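Structural data only, the sequence is not supplied:
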């Protein structure tokens, strides 16, 4: 049921005082089953078959290496011709294609020996770092090339390349962008995933692939490609069917674009003739019949009341839900107020927080309070807004885990439990840590030692702990680690653990952990990827990871192995095929920071919360933190690792360190605070940023800069929860924060969309009255009684602007509405806006017919 807007649908003329019971009254009593029935009917409808998800022609086919030849190129150094990329010789510095210059007119085009659905490219490299590697590039693909082949003379080829590049975005060239990102400056081969499906999900074949370098790893250095493989599906049956399906879809879309153009321009006879011609071809239908009815009400009949009723009916049946789920968020911070006399957890950093979404309870466990590891467990009831101490020491209550920090907790909502793994041990105090651990019944029982990796499960209903392993390393699982990431596949009951640093007795030894899968049903660990750096999915720390159920992929963002080896990429690991590919990263946040991610199923998006904090005043810490620490929007949250003093702490510890000691030294200049929520939309592979209000901008009504805090995304509550952490400039130096914040992510509700639709319709009726009525009083009454009821509090200026039309006469109204005699263009614009609220599969095509024609 839609939310109730505070206005009603007029049933009489502008001067009538009677009104209906309200837009929402029509929705009262609508059963949930009606919305489900509409969804099923919409899925089965063939009214807009061109926009329906097509049968997956690639199912059951695995990509294979494709044969290709060099088609054209912009320029090439005499000793580095393009045909060298056909041979994988990483030890030969001359085995590469290198451009003559480093401008953005360079390109290399390959042609497949036959059309194929190309799914990914594999780039081989030199056996060590090289400044000419591609830091940023684009890949364009298509069935046809409207560009000249490269001339034999390199200078002529370069000139031709510049002209060709200027034309690649023009309609009619047959090329579309299928990737925009970059490679790492490393010797490992890399795979980049190419977009090979249309927005409707149909696979499309290509014959030509054009690589356009944009940047190398050193300014003014030329670009080099050492080796290139193209992979995809070239089965003639699949390709032919894909081509036929694509051509039919393109023809249908062109017909629909013509229908839209004719209708918008009021070419009524042409529209009627074409509509009658395609009536027997549902795939070419302009839109859903309901929207055609809406268009008739608004544009031709000017029956705005009937149009409002159609909008209400559509909202009741869930037709506006997709628009709401894709709407941009408006963020706002607010402190979570808890009375001072009520119990609450103490300040801490490096703790873990996890959410029981069904019970609406947030848990906080462990962490470092500035002097010691904590072992307490707290529960915050998000409805009652109260804290409850579940256990002051989980080790002593129910034989739970020992005090710890920098561990990870991951929730499995299907089995209503949470898994805990890892912890940090300060090896400068290993003797004390070992003594404390061995003296514990929870850790010492069974011979477990200080460096053993214990593994726990927490039951959300009974709030009890079960130790699954005293040492996962003995069960073919990971060693004791910290700064790792965990993600749960609830359907398959598999817990994935990736990366992190292995705790060793020697702090100078850096060992990273690989990718493991814990099969819950069999209580069995499996190593999926080893800890070697010589692979695409390099083990790392300070990364983010989330599981994407629809594609069964682990999505890994950023991270690093050291400050000199950051990863600015976005990887997808297919857990079914054991395949890694780099996703497009154009417009992405800086992936080298310790940001975290969560999956929002409602919008099929990955959320990344990045919190850039001022540079710590300790010079040693400032160098390690690199002026920025980011935290997670996830149920696997910020893995901030304790650090020892600068004399014994490695740089990678400092980057993720909970500061147990803070050496005194010269202060470093602070950087600006700039928190941002990033949204990656899985359906189209695009990044969108949502700037968050800062402390300075809100006069203190936002969290102070910090790190080692916990940030949890509550999908049901549409909010982000933040608790604790290390202040950037603590006084005293062991201060830890205990404040609790909510970041409300407001999206327009369905009722807000209905209100906006009503405002558009009533505004247009008011303008019609101004145009046609000689008595402005009638229009004024309508403005006050009906239009005003649809104006949101922050849009009252709209009424003042509209009131100017009361005494301007028909000429002013005509000018405002598009300079046509009866306002046809203005009403068409109102309809276009109303149609934008509906799912893509129901409405007219986006864009205009003129977009199909070349500019010149």
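That came through, no problem. What you see is a predicted model; the values in this text were computed from it and never measured. Numbers count the residues shown, from 1 in each chain.

What count of nearby residues applies to the closest residue to residue 137 other than its chain neighbours?
Nearest residue to residue 137, sequence neighbours excluded (Cβ to Cβ, 6 or more residues apart in numbering): residue 213, at 4.9 Å. From N, CA and C alone the C-beta is placed, and that goes for glycine too. Residue 213 has 26 neighbours, counted by other Cβ atoms under 10 Å.

and if you look at residue 691?
11.

Quick check: pLDDT value at it.
Note on residue 691: pLDDT of 82.

quick one: it from residue 461, how far?
Distance of residue 691 to residue 461, given as Cβ to Cβ, to the nearest Å: 39 Å.

and if you look at residue 289?
49 Å.

and what of residue 247?
56 Å.

repeat for residue 81
67 Å.

who's more crowded, those two?
Comparing residue 81 with residue 461 by other Cβ under 10 Å, the one with more neighbours is residue 81, at 15 against 10.

which other helices and strands contact the helix or strand harbouring residue 826?
Following DSSP states H and E, one finds residue 826 within helix 824-835. Helices and strands touching helix 824-835, by 3 or more Cβ pairs under 8 Å, 6 or more residues apart in numbering; DSSP states H and E, are helix 236-264, helix 289-295, helix 750-772.

ok, residue 328 - how many residues close by?
If we define neighbours as other Cβ under 10 Å, then residue 328 has 12 of them.

Which residue comes closest to it once chain neighbours are left out?
Using Cβ to Cβ, 6+ apart, the nearest residue to residue 328 is residue 690, at 7.0 Å.

Hmm, residue 327 and the one you found touching each other?
No: the pair residue 690 / residue 327 is not scored as a contact, 11.5 Å apart, by Cβ atoms under 8 Å.

quick one: the residue nearest to residue 720 when sequence neighbours are not counted from residue 331, how far?
Of all residues not flanking residue 720 in the chain, residue 743 sits nearest, at 3.9 Å (Cβ to Cβ, 6+ apart). Separation of residue 743 from residue 331 (Cβ to Cβ): 6 Å.

between those two, what contacts are shared?
Residues touching both residue 743 and residue 331 by Cβ atoms under 8 Å, 6 or more residues apart in numbering: 677, 692.

More neighbours: those two, which one.
Taking other Cβ under 10 Å, residue 743 and residue 331 do not tie; residue 743 has more neighbours (26 against 19).

before we move on, what SS does the more buried one have?
Three-state assignment for residue 743 (DSSP: H, G, I helix; E, B strand; the rest coil): strand.

list the contacts for it?
Contacts of residue 743 (Cβ under 8 Å, 6+ apart): 331-333, 677, 692, 719-722.

let's see it at 6 Å
331, 333, 720 (Cβ atoms under 6 Å, 6 or more residues apart in numbering).

Now secondary structure too, for those residues, in CSV please.
Putting these into CSV (three-state DSSP) gives the following:
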residue, secondary structure
331, strand
333, strand
720, strand
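
Quickly note the distance from residue 97 to residue 86.
Counting by Cβ to Cβ, the gap from residue 97 to residue 86 is 10 Å.

what do you get for residue 462?
On the measure of Cβ to Cβ, residue 462 and residue 86 end up 62 Å apart.

what residue ranges in the stretch 101-250 of the chain score low on pLDDT?
146-173 (pLDDT under 70).

Bridged to the spatially most central residue of the chain, which residues?
Computing the C-alpha centroid of the chain and ranking residues by Cα atoms, centre = their mean puts residue 680 first, at 1.8 Å. Each beta-bridge partner of residue 680 is listed here, defined by DSSP bridges: residue 606, residue 687.

swap in residue 373?
residue 368.

you'd agree it is up against residue 402?
No: Residue 373 is not in contact with residue 402 according to Cβ atoms under 6 Å; the separation is 8.0 Å.

one step back: so the residue nearest to residue 137, which state does it fall into?
strand.

Number the residues from 879 up from this point.
Sure, I'll start counting at 879 from here, so that last one is residue 1091.

if we can go back for a sec, I'd like to know how far the residue nearest to residue 1206 sits from residue 1063.
From residue 1568 to residue 1063 the distance is 31 Å (Cβ to Cβ).

Need the residues that contact whichever strand in the chain runs longest.
Within the chain, and with DSSP state E defining each element, the longest strand by residue count is strand 986-1002. Strand 986-1002 is contacted by residues 941, 944-947, 949-951, 960, 966, 1061, 1067-1072, 1074, 1081, 1083-1089, 1104-1105, 1107-1112, 1117, 1459 when judged by Cβ under 6 Å, 6+ apart.

Now do residue 956: how many residues are near it, please.
Neighbours of residue 956 (other Cβ under 10 Å): 8.

swap in residue 1646?
21.

for the stretch 1529-1678 of the chain, what are the low-confidence residue spans?
Ranges of the stretch 1529-1678 of the chain meeting pLDDT under 70: 1529-1552, 1573-1578, 1608-1609, 1651-1652.
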